[in-house]
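# Sequence first, then the predicted structure, then my questions.
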Protein chains: 2
Amino acid sequence: MKMENDSGLLLVLSGPSGVGKGTICKALRERMTNLVYSVSATTRAPRAGEIEGVNYFFKSRAEFERMIAENELLEWAEYVGNYYGTPRRFVEETLASGRDVILEIEVQGALQVKEKFPEGIFLFLAPPDLAELQNRIVGRGTESEESIRNRMEVAKAEIELMDKYDYVVVNDVVDCACEKIEAIIMAEHLRKERQIHKFRKWLKEV
Amino acid sequence: MKMENDSGLLLVLSGPSGVGKGTICKALRERMTNLVYSVSATTRAPRAGEIEGVNYFFKSRAEFERMIAENELLEWAEYVGNYYGTPRRFVEETLASGRDVILEIEVQGALQVKEKFPEGIFLFLAPPDLAELQNRIVGRGTESEESIRNRMEVAKAEIELMDKYDYVVVNDVVDCACEKIEAIIMAEHLRKERQIHKFRKWLKEV
């Protein structure tokens, strides 16, 4: 699908495990009611109260594997025996309608999305400092020391992936991080590439 | 001078004659007290109340021509027998101190700056519509019809130069335009290129 100049932006919100992606995504959606949340597809069974097309698109394994084969997913992964992925069509149709889409995703998934949708805005949510990140990880109180150490190594590797992103926002105070992301969205809409077609059209009419 | 990653941003505010660059620049400086105004050099005589280094850097013709020859100006032009230009050193020293600089300039000057300082953020202030621009030009009430027609042609050519800029902000309501420019400045500071060095330093320390 060709993206029109008036189409929305795909904002890919990613960052290390435990950095607070979910909290920021939820706060952003409360502040920016026009922002559309990208609904994932999954093969896991619906839980009580979950609604098709709101919480997830629920799929059979056969259907999910067909979507993989036909390149209908911007990214996908298998986790504890179930598939999870981002349907391309939902994202593209929402963008085409002029609305911005937010996709909250871990780092490996974000890099898959970048390959298939490089025109997205890739936003890396970073911890205020590694000690703070360690506190958040340890704070769950359910992991062994070795598991914690592994998580720290993973977090360090993820930060090194920062280089693949467009923007880095430190998650220190939720409202501050949200303000920064809102500024990024506003600025991206004002980029010349997204504005000039209106003026060209208008010059032709004068 | 090498720009450090923690250095300020050079914001180049430009756009067609009569679009309201001066009004927006003044309003922005009132809203963002940290924003430093780029002081021009000129060979014209100081007027009553004008202060060296605040309103202008006042120069002799010989000194100005030396500055041109030694590439000490980011741009310059001759206007009604006097030279006007942007001293590179003032801009670079202010940026190096970590403060953002705003340079308000007509379109040809902005393109000169872009050649010498491509890392600047080039912002095109656009009229809400050409009829509105025409009103503003005619509104001065001092020009002949032909002069007005010429101004319109110039304005159209200037809008075609929009393609050389990073961002386009429509000057409809002053506060709205300022909010957009503030968002652009915030977003540009959050670009990965300006953030990643802090994290690399920090990873080395962990």
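Structure received.
# Could I get the contacting residues of the nearest residue to residue A:170 once chain neighbours are set aside?
The shortest distance from residue A:170 to any residue other than its chain neighbours is 5.1 Å, reached at residue A:126 (Cβ to Cβ, 6 or more residues apart in numbering or on different chains). C-beta coordinates here come from the backbone N, C-alpha and C atoms, glycine included. For residue A:126, the contacting residues are A:15-16, A:19, A:159, A:162, A:168-171, B:195, B:199, taking Cβ atoms under 8 Å, 6 or more residues apart in numbering or on different chains as the criterion.
# cool, and residue A:168?
A:123-124, A:126, A:162, B:190-192, B:195-196, B:199.
# give me the beta-bridge partners of it?
Bridge pairing for residue A:168 (DSSP bridges) gives the partners residue A:124.
# Check the spacing between it and residue B:103 real quick.
In this structure, residue A:168 lies at 26 Å from residue B:103, with Cβ to Cβ, to the nearest Å as the measure.
# ditto for residue A:106
Using Cβ to Cβ, one gets 42 Å for the distance from residue A:106 to residue B:103.
# and if you look at residue A:202?
When Cβ to Cβ is the yardstick, residue A:202 and residue B:103 sit 27 Å from each other.
# Who has more neighbours out of the two?
Using other Cβ atoms under 10 Å in any protein chain shown, the more surrounded residue of residue A:202 and residue B:103 is residue B:103, with 26 against 15.
# ok, the closest residue to that one other than its chain neighbours - how many residues close by?
Setting aside the residues directly before and after it, residue B:103 is nearest to residue B:38 in space (Cβ to Cβ, 6+ apart), at 4.1 Å. Applying the criterion other Cβ under 10 Å, we find 20 residues in the vicinity of residue B:38.
# thinking residue B:38 is in contact with residue B:88, fair?
No - at 10.2 Å, residue B:38 does not count as touching residue B:88 under the criterion of Cβ atoms under 8 Å.
# how about the helices in chain A?
With DSSP state H as the definition, chain A shows helices at residue ranges A:21-31, A:61-69, A:88-96, A:107-116, A:130-138, A:145-160, A:174-189, A:192-205.
# Residue A:184 contacts residue B:187, doesn't it?
Yes - with contacts counted by Cβ under 8 Å, residue A:184 reaches residue B:187, the gap being 4.5 Å.
# overlap in contacts of those two?
With Cβ under 8 Å, 6+ apart as the test, residue A:184 and residue B:187 both reach residue A:167.
# Can you pull the residues of chain A lying near chain B?
Listed as neighbours of chain B in chain A under the rule Cβ under 8 Å from any Cβ of the partner chain: A:124, A:126, A:129-130, A:156, A:159-160, A:162-163, A:165-169, A:179-180, A:182-184, A:186-188, A:190-192, A:195-196, A:199, A:202-203, A:206.
# Apply 7 Å and report the result again.
For chain A, the residues in contact with chain B (Cβ under 7 Å from any Cβ of the partner chain) are A:126, A:129-130, A:156, A:159, A:162-163, A:165-169, A:180, A:183-184, A:186-187, A:190-192, A:195-196, A:199, A:202-203, A:206.
# Buried subset of those residues, written for ChimeraX?
For anyone working in ChimeraX, the buried entries among the residues of chain A next to chain B, judged by 16 or more other Cβ atoms under 10 Å in any protein chain shown, can be selected with:
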select /A:126,130,156,159,162,165,166,167,168,169,180,183,184,186,187,190,191,192,195,196,199
